[in-house]
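J.: Here's a sequence, model it:
(one chain, ligands or ions: 2)
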Amino acid sequence: MTTHPVRPSRPGAQNFLPATDSLELLARAAADCRGCELFRDATQTVFGAGPSDAELVLIGEQPGDAEDKQGVPFVGPAGKLLRSALKSAEIDVGRVYLTNAVKHFRWRPAASGPRRLHEKPSQGHVTACRPWLTHELNAIRPKVVVALGAVAAQSILGSKFTLTHSRGQQLDWPADYESLSASALFATIHPSAVLRTPSLERATAMEALIADLAIARQAL
Ligand code: URA
Ligand code: SF4
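T.: Ligands and ions are numbered 1, 2, ... in the order given. Sure, this is the predicted structure:
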């Protein structure tokens with residue numbers, strides 16, 4: 001008799017997903033997610049935050065140092081800039097649901113000192129974490145979704161998507177997001193990209209982010 005090796009289950013958040021569309025229960029289950037190795041070096045899962053009936057969902061890349069410590073998305077420097085941009089675009093941040101493509105902080109130690117430096121999540125991490133994002137979106141069914149930066153946009157639109165020609169335009173959902181086809185999808189730059197822009201051009205980059213957010217607001 002031949003024996004077949006047991007195939008290990010595919011890694012990813014789907015192994016930890018409860019059968020529910022309650023955001024609260026999803027958040028609770030995500031706290032124990034071990035769908036990829038990023039949980040090991042992070043403090044905690046940073047799930048999305050905001051009203052469950054939000055009409056606007058903004059998706060970032062992954063939590064940063066401050067978010068990892070506090071357990072809340074967009075509370076560090078990029079979050080501060082994002083809140084300022086939202087205000088300028090006349091969007092009430094209290095009515096927005098903020099989340100990330102990847103729910104654990106990926107970092108590497110600085111060459112010296114205790115600082116933890118942001119490291120971009122790999123395609124594998126984005127894929128592993130995607131079930132949390134799709135279930136958040138399906139639980140909320142917002143009118144408008146804005147991906148902030150290429151990592152968030154590629155989580156939804158695939159790894160070939162580039163921001164350059166598509167920012168600030170309404171985008172088509174891929175077939176596997178059919179349940180969200182009534183929502184308008186946009187992509188723009190990540191607030192961290194504004195922070196990284198050399199100071200002479202930073203105001204222009206900020207204005208472009210605000211303009212893209214204002215376009216998204218008009219779709220509400
Ligand atoms: N950058 C992100 O993409 N998300 C956060 O929550 C914070 C910084
Ligand atoms: Fe799970 Fe996402 Fe954290 Fe990986 S990054 S352990 S998939 S919640």
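
J.: contacts and neighbour counts: CA atoms only from here.
T.: Noted.

J.: Residues of this structure that sit close to ligand 2?
T.: 12-13, 30, 33-39, 45, 102-104, 128-129 (C-alpha under 6 Å from any ligand atom).

J.: burial count for Pro142?
T.: 22 (other C-alpha atoms under 10 Å).

J.: for it, what are its contacts?
T.: 53-57, 183 (C-alpha atoms under 8 Å, 6 or more residues apart in numbering).

J.: sec struct for Ala193, please.
T.: helix (DSSP: H, G, I helix; E, B strand; the rest coil).

J.: For ligand 2, state which of the contacts of Pro142 is nearest.
T.: Ligand 2 has its nearest neighbour among the contacts of Pro142 in Val57, at 18.2 Å by C-alpha to the nearest ligand atom.

J.: In terms of secondary structure, what does the host helix or strand of the closest one contact?
T.: For Val57, the host element (DSSP states H and E) is strand 56-60. Secondary-structure packing of strand 56-60 (3 or more C-alpha pairs under 8 Å, 6 or more residues apart in numbering; DSSP states H and E): strand 96-100, strand 144-148, helix 150-157.

J.: May I have the last one exported as PDB, CA atoms only?
T.: This points to helix 150-157. Extracted as PDB, the C-alpha positions of helix 150-157 are listed here (Å, rounded to 0.1, in the frame of the first residue of the first chain):
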ATOM      1  CA  ALA A 150       1.200  50.400  -4.200                       C
ATOM      2  CA  VAL A 151       1.200  47.600  -1.700                       C
ATOM      3  CA  ALA A 152      -2.500  48.200  -0.800                       C
ATOM      4  CA  ALA A 153      -3.400  48.700  -4.400                       C
ATOM      5  CA  GLN A 154      -1.600  45.500  -5.400                       C
ATOM      6  CA  SER A 155      -3.300  43.500  -2.700                       C
ATOM      7  CA  ILE A 156      -6.600  44.200  -4.500                       C
ATOM      8  CA  LEU A 157      -5.500  44.700  -8.100                       C
END
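
J.: any idea how far that helix is from the chain center?
T.: Put simply, helix 150-157 sits 9 Å off its chain's centre (C-alpha atoms, centre = their mean, to the nearest Å).

J.: in this protein, which spans are strands?
T.: With strands called from DSSP state E, the chain shows them at 56-60, 96-100, 107-109, 116-118, 144-148, 184-188.

J.: what's the neighbour count on Val145?
T.: Val145: 24 neighbours (other C-alpha under 10 Å).

J.: I'd like to know how far it sits from Ser181.
T.: 11 Å (C-alpha to C-alpha, to the nearest Å).

J.: Next: Gly94.
T.: 25 Å.
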